[in-house]
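Visitor: Pasting the sequence and the predicted coordinates here, then a few questions.
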Amino acid sequence: DAGVIQSPRHEVTEMGQEVTLRCKPISGHDYLFWYRQTMMRGLELLIYFNNNVPIDDSGMPEDRFSAKMPNASFSTLKIQPSEPRDSAVYFCASKPSAVSTDTQYFGPGTRLTVL
Amino acid sequence: AQSVTQLGSHVSVSEGALVLLRCNYSSSVPPYLFWYVQYPNQGLQLLLKYTSAATLVKGINGFEAEFKKSETSFHLTKLSAHMSDAAEYFCAVSSRSGTYKYIFGTGTRLKVLA
């Protein structure tokens, strides 16, 4: 199994530009999570999906952030327009099922730098 | 509301020494608890998890953790540290109610000294 795949691994952009981060979950996993990691705030859950449907987006910081999951094997997190304070590592994770004890499997992350 | 506290953002131990990383949780009912490890420039990897089957949980790489309800703790231990254990460790709590959300602690960076 290839695990959770994220692209790009690194992204450097200028303030005001649109940024799109991509995630391919593990095949057969019903849940997908987007996290953000910063020194100041640690690991924060932004949004999660069940069977491609957004369930809880209460962690999305503001309207500049949006996430989609058009099918079971692909999700995007978009920031438009980007700001320097969005600089962080963004992780995608997937989980097999609705069982609460299921492990979440994390991707390698995308390191975003907004200049 | 659930929360998790990791005492000590940085811990240093000598190679071969005992590793103890502390995690305390706050929850109205005993939650599910997880320890993850993050190596530099990598994603998080599960070390072990408590799902109420047994209070002493053994994980990968020689790590174990004990769930103590009376102390609301889930400390991570390893008898003998190895240089390869140097990483950041995160404790997380998940509700039994099925929200599927993890609440992560702030992490503890472990340094292993030769």
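Guide: Cool, the structure landed.

Visitor: Name the nearest residue to the residue in chain A positioned nearest to chain B, sequence neighbours excluded.
Guide: Per C-beta to the nearest C-beta, residue A:106 is where chain A lies closest to chain B, at 3.6 Å. C-beta here means a position set from N, CA and C on the backbone, and glycine is covered the same way. Excluding the flanking residues, the one nearest residue A:106 by C-beta to C-beta, 6 or more residues apart in numbering or on different chains is residue B:43, at 3.6 Å.

Visitor: Figure out the helix or strand that residue B:36 lives in.
Guide: Assessed by DSSP states H and E, residue B:36 sits inside strand B:32-38.

Visitor: Go ahead and flag the most central residue of chain B.
Guide: When C-alpha atoms, centre = their mean is applied to chain B, the residue found nearest the centroid is residue B:35 (3.5 Å).

Visitor: was I right about that one contacting residue B:25?
Guide: No - assessed by C-beta atoms under 8 Å, residue B:35 is found out of contact with residue B:25, at 11.9 Å.

Visitor: so what pLDDT did residue 74 get?
Guide: Using chain A here. Here the pLDDT value assigned to residue A:74 is 96.

Visitor: could you do chain B instead?
Guide: 96.

Visitor: State the distance from it to residue A:32.
Guide: Distance check for residue B:74 against residue A:32: by C-beta to C-beta, to the nearest Å, it reads 26 Å.

Visitor: Please work out which residues outside the strand holding residue B:36 touch it.
Guide: By C-beta atoms under 8 Å, 6 or more residues apart in numbering or on different chains, the residues outside strand B:32-38 that reach it are A:100-101, A:103, A:106, B:21, B:23, B:25, B:44-52, B:59, B:63, B:65, B:67, B:74, B:76, B:87-96, B:102, B:107.

Visitor: Pull out the buried residues from those.
Guide: A:100, A:106, B:21, B:23, B:25, B:44, B:46-51, B:59, B:63, B:65, B:67, B:74, B:76, B:87-95, B:102, B:107 (16 or more other C-beta atoms under 10 Å in any protein chain shown).

Visitor: Looking at chain B, what residue ends up closest to chain A?
Guide: Going by C-beta to the nearest C-beta, chain A is nearest to residue B:43 of chain B, at 3.6 Å.

Visitor: these two touch, right, that residue and residue A:107?
Guide: Yes - assessed by C-beta under 8 Å, residue B:43 is found in contact with residue A:107 at 5.2 Å.

Visitor: Those two - which one has more neighbours?
Guide: Taking neighbours as other C-beta atoms under 10 Å in any protein chain shown, residue B:43 and residue A:107 compare with residue A:107 leading, 25 against 21.
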